[in-house]
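In: what's the 3D shape of this:
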Amino acid sequence: MKPIALAPSLTEQAYQAVVDEICDGALASGSRLVQEQLAKRLGISRQPIQQVMGLLKADGLVEDAPGRGMLVAPLDASLVTSRYQIRGAMDGLAAQLAATRAGSLVGVKDQIARRGRSIVKAGIAAIESKAIKRMVAYDVEFHNFVYECSGNSLITATCEPHWLHLRRAMSEVLRKAAPPEDIWKQHENILNAVLEGDAKNAKSLAIKHVEQACEGLTNALTV
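Out: Numbering: from 1, shown residues only. Predicted structure coming up:
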């Protein structure tokens, strides 16, 4: 007997809708969020919106506004740096474990190659199309794919809350700067090291990639 797949609740759907707008920049830093207005715009009652506001505040995406409602929290460059430091450690570990699995488990290398190369191809196409939302989405997908390939499910769980804020930072920078043409070459190099089973190099490349991304993003946010 297969378990019944449950549809997302209204609260989950509303939360994801607001998170996406914040991360994509449709709701910029300082935007006021009023429960009644959000409920009307999303076509739902105030009760799930109240729960959404609590979740967003716990995530650090919104803060109390003077008077009533809440404001989209500003992007803090120092916190972005801290999140990248955590991500760097996790990305390095994930790439190392993924390379070890690719080099030792029958069939794993081919599976990683097929999906990994598909993501890289899509990411390059997004850069060429200058579609910011797609650029960010495929970037996140690539890193989550490496986490998945590591075989350690706790890496994804550890990084997930930080990606909410990193998505915001990436979108903000991409709206102001030229697309990072070399980013998918770095992704491709990480993927190749994983496929070669070179755990040491895969880890080194993954950490260097995150460090460079952190430097670029924090520099752009502090200008």
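In: helix, strand, or coil at Leu71?
Out: At Leu71 the chain is in strand, as set by DSSP: H, G, I helix; E, B strand; the rest coil.
In: which strands and helices lie in contact with the helix ranked longest in the chain?
Out: In terms of residue count, the longest helix belonging to the chain (DSSP state H) is helix 77-104. With contacts defined as 3 or more Cβ pairs under 8 Å, 6 or more residues apart in numbering; DSSP states H and E, helix 77-104 has these neighbours: helix 108-129, helix 132-150, helix 153-176, helix 183-195, helix 199-222. Heads up, the C-betas are built off the backbone N, CA and C, glycines and all.
In: buried ones in the last one?
Out: So that's helix 199-222. 199, 201-207, 209-210, 213-214, 217-218, 220-221 (16 or more other Cβ atoms under 10 Å).
In: the second one too?
Out: Along helix 132-150, the positions that meet the burial threshold by neighbour count (16+ other Cβ under 10 Å) are 132-133, 135-140, 142-150.
In: how near is the closest residue to Glu141 other than its chain neighbours to Asp198?
Out: Leaving aside its sequence neighbours, Glu141 sits nearest to Ile119 (Cβ to Cβ, 6 or more residues apart in numbering; 5.7 Å). Distance, Ile119 to Asp198, by Cβ to Cβ, to the nearest Å: 20 Å.
In: contacts only, for the residue most central in space within the chain.
Out: Nearest to the mean C-alpha position of the chain, counting by Cα atoms, centre = their mean, stands Trp163 at 3.7 Å. Trp163 sits next to Val140 when contact means Cβ atoms under 8 Å, 6 or more residues apart in numbering.
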